[in-house]
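Engineer: After the sequence you'll find the predicted model.
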Amino acid sequence: MKQSLFENHYQSSWQSFAEQLHALERGKAKPEHSQDFAARYRHLCQHLALAQERGYSSHLVEQLQQLVMRGHQQLYRHRSHLGANLIRFLLTGLPQLVRREWRSLLYASLLFYGSLLGMGVLVYLFPDLVYSVVAPDQVHSMESMYDPDAQRLGRFGERNSGDDWVMFGYYIMNNIGIAFQTFASGLLFGLGSLFFLFFNGLMIGAVAGHLSQIGSGLTFWSFVIGHGAFELTAITVAGAAGLKLGWALIAPGRWPRSEALRLAATQSVQLVAGAILLLLIAAFIEAYWSSMTYTSANVKFAVGGGLWLLVGAYFGFAGRGHDDAH
């Protein structure tokens, strides 16, 4: 069946299902009007499978995917407890969502890591360039924080192990603030997210290049490699969420901008929730492992490399057995 015939035949059914979904999401659906919801949801899943199998346009497939995902949320909203929903989201929902939004994540990663690496190389080659990005007093603080002779790394002044929980809280507040800023600024047609991805990449790159150039590179890189797997990934995920909001405003497609933004926000908020989880893990590792000096740099590099592989395997493979279940 040609796509045009397929759409003409089922368009009214999809529109009716979308209206029913809207009523359920707003809590205004009458019980008698929702009795056939499960059956209509199954039919929609079949339509999505057919569209994918027949190679119909990506626009149609994405439209059906949106309806299926919203339908799934409503169908199982009252059938499971919060804990079960959270576990399901972590084990399957989040990695599936990240894979579906790979384009936004790719753009965010290219901008963030590109600016980071580019600035790092430039500062390493031209040391004075660091002061065009980082204030002199901040540069001095960074030099002290990552001094190879420091008792604890990445700390403002000398702190003992009893202050780890203080730094844990600081890392959480600081990093979540950066992630939320990167996400929410996507409402400025994506320009805000682009700016903060680029700016944060420049800042981190400048510090990394400077510390490497003055001989503190081993200390710095062994410090950041562990928690960086979670922290840097979280920044790009938050950036991808912001870019998704911006793109919904720039190119809403068939939807009114308000509806396109609402649909995009449903996915974006889930991405940000995942980013916050990653940042919590990163803060714990940074406070209780990265700052330690009792172990060698080689051990930290080995552990850090393992954590990067773990994060990559999670987003690359977790939940793949359920990708086509809904």
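Structural biologist: Perfect, I can see it now.

Engineer: and Phe301, what does it touch?
Structural biologist: 221-222, 225 (CB atoms under 8 Å, 6 or more residues apart in numbering). For every residue, glycine as well, the C-beta is placed using N, CA and C.

Engineer: average model confidence for stretch 40-60?
Structural biologist: Averaged across stretch 40-60, the pLDDT comes to 87.

Engineer: where does the protein have low pLDDT?
Structural biologist: The chain contains residues with pLDDT under 70 at 28-35, 76-83, 150-164, 322-326.

Engineer: okay, now the domains of it?
Structural biologist: Domain segmentation of the chain under automatic domain parsing yields 3-79, 99-322.

Engineer: Can you redo those domains as JSON lines, where the extra columns are distance to Gly93?
Structural biologist: Shown next, in JSON lines, are the domains of the chain (distance: least, CB to CB, whole Å):
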{"stretch": "domain 3-79", "distance to Gly93": "10"}
{"stretch": "domain 99-322", "distance to Gly93": "7"}
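
Engineer: Return the most buried member of those domains.
Structural biologist: Mean neighbours per residue, mean count of other CB atoms under 10 Å, is largest over the domains of the chain for domain 99-322, with a mean of 18.

Engineer: next one: that domain to chain centre, how far?
Structural biologist: Distance, stretch centre to chain centre, for domain 99-322: 11 Å (CA atoms, centre = their mean, to the nearest Å).

Engineer: Kindly report the same for stretch 54-61.
Structural biologist: Its chain's C-alpha centre and that of stretch 54-61 lie 26 Å apart, by CA atoms, centre = their mean.

Engineer: Figure out the length between the terminal residues of it.
Structural biologist: End-to-end distance for stretch 54-61: 10 Å, by CA to CA, to the nearest Å.

Engineer: which residues touch Asp147?
Structural biologist: Asp147 neighbours (CB under 8 Å, 6+ apart): 216, 219.

Engineer: who are the neighbours of whichever strand or helix holds Arg70, in terms of helices and strands?
Structural biologist: Here Arg70 sits within helix 58-75, counting by DSSP states H and E. Judged by 3 or more CB pairs under 8 Å, 6 or more residues apart in numbering; DSSP states H and E, helix 58-75 is in contact with helix 3-25, helix 37-53, helix 257-285.

Engineer: what about 7 Å?
Structural biologist: Applying 3 or more CB pairs under 7 Å, 6 or more residues apart in numbering; DSSP states H and E, we find helix 58-75 packed against helix 3-25, helix 37-53.

Engineer: Just the angle for the last one relative to helix 58-75, thanks.
Structural biologist: It stands for helix 37-53. 150 degrees (axes from the mean of the first three to the mean of the last three CA atoms, to 10 degrees).

Engineer: circling back to that earlier point, between the contacts of Phe301, which sits nearest Arg26?
Structural biologist: Ile225 (46.8 Å; CB to CB).

Engineer: ok, residues contacting stretch 122-139?
Structural biologist: Applying CB atoms under 7 Å, 6 or more residues apart in numbering, the external contacts of stretch 122-139 come out as 119, 202-203, 206-207, 209-210, 212-213.

Engineer: can you give me the end-to-end distance of it?
Structural biologist: 16 Å.

Engineer: Check the gap between the closest residue to Gly186 other than its chain neighbours and Leu249 for me.
Structural biologist: Of all residues beyond its chain neighbours, the one nearest Gly186 is Gly242 (2.7 Å), with distances taken as CB to CB, 6 or more residues apart in numbering. Separation of Gly242 from Leu249 (CB to CB, to the nearest Å): 11 Å.
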